[in-house]
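Novice: Using only what follows, build the 3D model:
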Amino acid sequence: MSALKAWSISYLPPIAHLLHWGSSERLADDDAKGLLAEDPLSIPLEDRISSVGPRPLPSHEKHRFRLPSFLRPNKGFLVLMGASVISLLFLALLATATETVEPLKGLLLCGNQRYYVSNQTCYNDDFLCPVKDRQRTLKCGDDCYLPRESYCDSGHVKFRAGGSLESQKPPIVGGSENGSCPLSYLHLTDRPYENYFVSDCSSATQVVVTSPVADSGLRLVDPRLLIAWPAGNSGIVTYFLSEEGSDAGLGISLEEIPGRNRTVSPLVGGVTGIISFNSSAVLDLAVIGSVRTLRDYVEGNSLNPIFQDSVRVQQLADDTIQLSRLWLDNVTETFLTLQPRDNESTRIKDGKAHLARGAYLFNAWHNYPELEQLSASETLNPDSQDLITQNPDETASLSFFSFTTKVVAGGWRFLTYFGRDSLISLLLLQPVLSLGEDGAVEAILSAAIERINSSDGSVCHEEVIGDYATFLNEQQGAYSSDALCDYKMVDTDFFLPIALEKYLVGSAVGKDRRGPFLARNASVIAENKDFTYAELALTTLEKIMRTTAAFEESPEVSNLIRLREGQSVGQWRDSGTGLGGGLVPYDVNTALVPAALRAIASLTADGLFPSHSDWAETALTRAQVWEDNTLPFFEVEIPADEARDLVSSYATQSEFPGAVNTSALTSPVRFYALSLEANDHPIVKVMNTDDCFRLYLLNPTNQTQLSTFLAQVADNILRPFPLGLSTSVGLLIANPAYADGSVNIADFKTSSYHGLVVWSWQLSMMAAGLERQLARCDDDDDDDGDKPDFCTDSPLHGRVVKAYNHLWDIIEQNSEYLSSEVWSWIYKDGDYVYTPLGALPGQDSSAESDIRQLWSLTFLAVKRNSAYSTLKNLT
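Specialist: Numbering: from 1, shown residues only. Take a look at the predicted model:
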């Protein structure tokens, strides 16, 4: 039977119910419209995984079907229903009168019973639990339950009193409140990666298909199908080889679903689609579990037998291949089925699935509780609803990452809570985000507060949930799936008061909401459940006041904020060499600390946290000390002749392919170092884009210092790489040309995650920061005496305006890439050419980039100010 026939059944609810043969559980009526069940080493799956052949139904089961119990009151009723059903079946077949319907095609086998994956879940190969309220119920003894309502205790279902924020949502009746279940679908191409995002009120899924692109100049990648879910931060990655040999040019792709203008569709807790192979293939490796586990293999070729040994490969009826894995909690399971579409043959040999050339209907699903997603309209405030039609892809992406209890950082690699990412996104996106109790702003703030370490006030960098949480808990001797947090970053603490002040003080809605919002009780982290939001937030503010006091008393390098003991990362450049080996980060000390202190002063001056009302003055005074005294520690000034020699030497050593005109360096080169205290070097002389933090978060008042700072910002934006940061594909976030031995320049390459690459959100914050400083010159309420000195310094002001417009010219030239996380380049025909980070030819790094990243969507709110374009023409 063709896939078209299979979809015809799935979208005729009466037929889908009646063709559910031999089910021991009632079908979930609200899912009757679901679709049918139809870190790179080549390490094979364990040979111990058995091959299970087709198991035919017993003869007494083949002709028996069971109606839901509420439709079985008496024999007379059954006769009437039977006649009605036959009539409906006949009419439905006429309506879809392409071909006759084969009832078993598209069904899966659970023990000796057939079931639809949209309506039930099979446990232990022989026990079916129904879908309820568009959620998969879990097995407990001989019963099934929804985890938001109940829990399993020694094989018995117990009612859950209260529950976490993620479980406190009303049952879904037929979808949303208005009885609908809107579907969102987005297909994005970034060769060799094809990305598909699909979601409705029963699931949210990202599918990534990777296939070699011949004669493209890109790195040849392994054929790969990857499926990732925000629920549980979980997923599946499968790698395929050609049966004819590794050089046979195996290609894989998704086909359009018949009758649907898309290539994937949602299942309850999963996704379905059609995948095709251009030659016979071997499913060489499957990794199933946490996205962190997937990343460990994709990025580091690491396979942990604790996860890998529980992957099962089976052959079910109708030549269907099924991969599955029971999570470490012994409750949650993940499945992937590949079902021949047109009688393609399959087999299992030595624990690996072999697939003939052709097309296969795939279903991927899991039974981890789903999050409640915010629609695009729910994510945006009323004044920003036009963005949905103006920027449909970006608003759909924002919605995909946004949930009632948190936002996730990006897909596919970061589909969970990241504190820094969400708070930076909030700061830049707040002008367009929805406010109030059910809005995106409070979802972001509440997620950060919920995950604060109540013992010391540290703000969570990354949450660990699902299968990986169980794994880490077991490593610590606890059998639990409770959420955990990574607190090693030092920058995230400072973002929280800045974001809180912007909402609770700077927004009228936030002012009205501050009481009920801060009075909420925490529920996500077990240790925090006795605390209110106000109490948890206060622990963070107290930590900031403690850790910044010493520098106010003695402004020395030793009293600056540094990375945690034993850590090589601590701020946004969180790859191993992102800070060039330095321990004292530039952005944290010169921008985040003084901005956070000013925010604390504002919060307390406005009546919040009354137990520390003195902070209204003391935090403000301390902020000024940090603002004025930290910048000089990071200042680098290189005489022009020495700068020319360094650039020429770097161009030769790095084999830079472009032309380098060092004669343009006629004055000293100035910039602020990436970090301090790297190995034997007191200062890491790497030019960088982290000036954007000080531009965006502060209004410095030291006039000489401000003018010097803005002058070097403008120069380094306007100068082409390797003299400065500018390229035709964006500002490079790092330039080691002037390092003079303070770093290994090989750590800053086009394939390095924080090397010679472009990050979208840094472009956004730089543009917004330059506009903030220029706007200080436009305040009509101030006379010239209250404006910064650079406003009346025509050459300097004109250069800052020129840098602003040059930056926006580059941004607009690269508009199609702005929603991506990070991108790289190759140099061809005299210019820079955009290239995905994971597709560089000859790349020796396994780093990939997310096609969509939360903080890369900030251009929804950050726009070019046309007034400065006019001023550019005048200057």
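Novice: buried set for stretch 796-812?
Specialist: Neighbour-count burial for stretch 796-812 flags 796-797, 799-808, 810-811 (criterion: 16 or more other Cβ atoms under 10 Å). Heads up, the C-betas are built off the backbone N, CA and C, glycines and all.
Novice: quick one: contacts of stretch 473-492?
Specialist: The contact list for stretch 473-492, computed with Cβ atoms under 8 Å, 6 or more residues apart in numbering, reads 328-329, 419-420, 423, 451, 453, 458-466, 469-470, 472, 524-526, 561-564, 567, 569-572, 574, 585, 587-588, 592.
Novice: So what's the residue count around the residue lying closest to I600 once chain neighbours are set aside?
Specialist: Excluding the flanking residues, the one nearest I600 by Cβ to Cβ, 6 or more residues apart in numbering is A619, at 4.3 Å. By the criterion of other Cβ atoms under 10 Å, A619 has 25 neighbours.
Novice: OK, contacts around A619?
Specialist: M545, L597, R598, I600, A601, T604.
Novice: the strands in the stretch 251-400 of the chain, which residues?
Specialist: 252-255, 264-267, 270-277, 281-290, 311-315, 321-326, 333-340, 346-349, 352-355, 358-366 (DSSP state E, counting those that start in this stretch).
Novice: all strands for the stretch 101-250 of the chain, in order.
Specialist: Going by DSSP E, counting those that start in this stretch, the stretch 101-250 of the chain shows strands at 108-110, 113-115, 120-123, 127-132, 135-136, 138-140, 143-145, 150-153, 156-159, 184-190, 193-200, 203-210, 224-229, 234-242.
Novice: Just the buried ones among the contacts of stretch 473-492, please.
Specialist: 328-329, 419-420, 423, 451, 453, 458-466, 469-470, 472, 524-525, 561-563, 569-572, 574, 585, 587-588, 592.
Novice: any idea how far the residue positioned nearest the centre of the chain lies from S760?
Specialist: The centre of the chain sits closest to G410, judged by Cα atoms, centre = their mean, with a distance of 1.7 Å. Using Cβ to Cβ, to the nearest Å, G410 is found at 11 Å from S760.
Novice: Narrow the buried ones among the contacts of stretch 473-492 to those in helices?
Specialist: G419, R420, L423, G466, A469, T470, L472, D587 (DSSP state H).
Novice: Would you point out the most distant pair within the residues you listed?
Specialist: Farthest pair in these (Cβ to Cβ) is T470 and D587. Separation: 35.1 Å.
Novice: got any residues that touch both of G410 and S760?
Specialist: Counting by Cβ under 8 Å, 6+ apart, the residues touching both G410 and S760 are E821, Q853, S856.
Novice: got CSV for those, with pLDDT too?
Specialist: What follows is the shared contacts of G410 and S760, written out as CSV (pLDDT from 0 to 100):
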residue, pLDDT
E821, 96
Q853, 97
S856, 98
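Novice: Can you list which of these are found in helices?
Specialist: Residues of those located in helices (DSSP H): none.
Novice: returning to what we had before: out of the contacts of A619, which comes closest to L316?
Specialist: I600 (60.0 Å).
Novice: Secondary structure element for the closest one, which one?
Specialist: Counting by DSSP states H and E, the element that carries I600 is helix 593-605.
Novice: The closest residue to S849 other than its chain neighbours and S667: what is the separation?
Specialist: Nearest non-adjacent residue to S849, counting by Cβ to Cβ, 6+ apart: L837, 4.1 Å away. Distance of L837 to S667, computed by Cβ to Cβ: 34 Å.
Novice: and those two? which has more neighbours close in?
Specialist: Neighbours per residue (other Cβ under 10 Å) separate L837 from S667, with L837 holding more: 25 against 9.
Novice: so who does the more buried one touch?
Specialist: By Cβ under 8 Å, 6+ apart, the contact list for L837 reads S751, Y753, V757, V822, W823, S824, A847, E848, S849.
Novice: Generate JSON lines for those, with neighbour count, secondary structure and pLDDT as supplementary columns.
Specialist: Below are the contacts of L837 laid out as JSON lines (neighbours: other Cβ atoms under 10 Å; DSSP: H, G, I helix; E, B strand; the rest coil; pLDDT from 0 to 100):
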{"residue": "S751", "neighbour count": "19", "secondary structure": "coil", "pLDDT": "93"}
{"residue": "Y753", "neighbour count": "22", "secondary structure": "coil", "pLDDT": "94"}
{"residue": "V757", "neighbour count": "25", "secondary structure": "coil", "pLDDT": "97"}
{"residue": "V822", "neighbour count": "24", "secondary structure": "strand", "pLDDT": "96"}
{"residue": "W823", "neighbour count": "22", "secondary structure": "strand", "pLDDT": "96"}
{"residue": "S824", "neighbour count": "28", "secondary structure": "strand", "pLDDT": "96"}
{"residue": "A847", "neighbour count": "20", "secondary structure": "coil", "pLDDT": "74"}
{"residue": "E848", "neighbour count": "22", "secondary structure": "coil", "pLDDT": "84"}
{"residue": "S849", "neighbour count": "23", "secondary structure": "coil", "pLDDT": "89"}
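Novice: sorry, back to before: so which bits of the helix holding I600 are buried?
Specialist: Buried-residue list, helix 593-605, by 16+ other Cβ under 10 Å: V593, P594, A595, A596, L597, R598, A599, I600, A601, S602, L603, T604.
Novice: Dump those residues to JSON lines, plus pLDDT and distance to L415.
Specialist: Output for those, formatted as JSON lines (pLDDT from 0 to 100; distance: Cβ to Cβ, whole Å):
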{"residue": "V593", "pLDDT": "98", "distance to L415": "31"}
{"residue": "P594", "pLDDT": "98", "distance to L415": "33"}
{"residue": "A595", "pLDDT": "98", "distance to L415": "29"}
{"residue": "A596", "pLDDT": "98", "distance to L415": "28"}
{"residue": "L597", "pLDDT": "98", "distance to L415": "34"}
{"residue": "R598", "pLDDT": "98", "distance to L415": "34"}
{"residue": "A599", "pLDDT": "98", "distance to L415": "29"}
{"residue": "I600", "pLDDT": "98", "distance to L415": "32"}
{"residue": "A601", "pLDDT": "98", "distance to L415": "36"}
{"residue": "S602", "pLDDT": "98", "distance to L415": "34"}
{"residue": "L603", "pLDDT": "98", "distance to L415": "32"}
{"residue": "T604", "pLDDT": "98", "distance to L415": "36"}
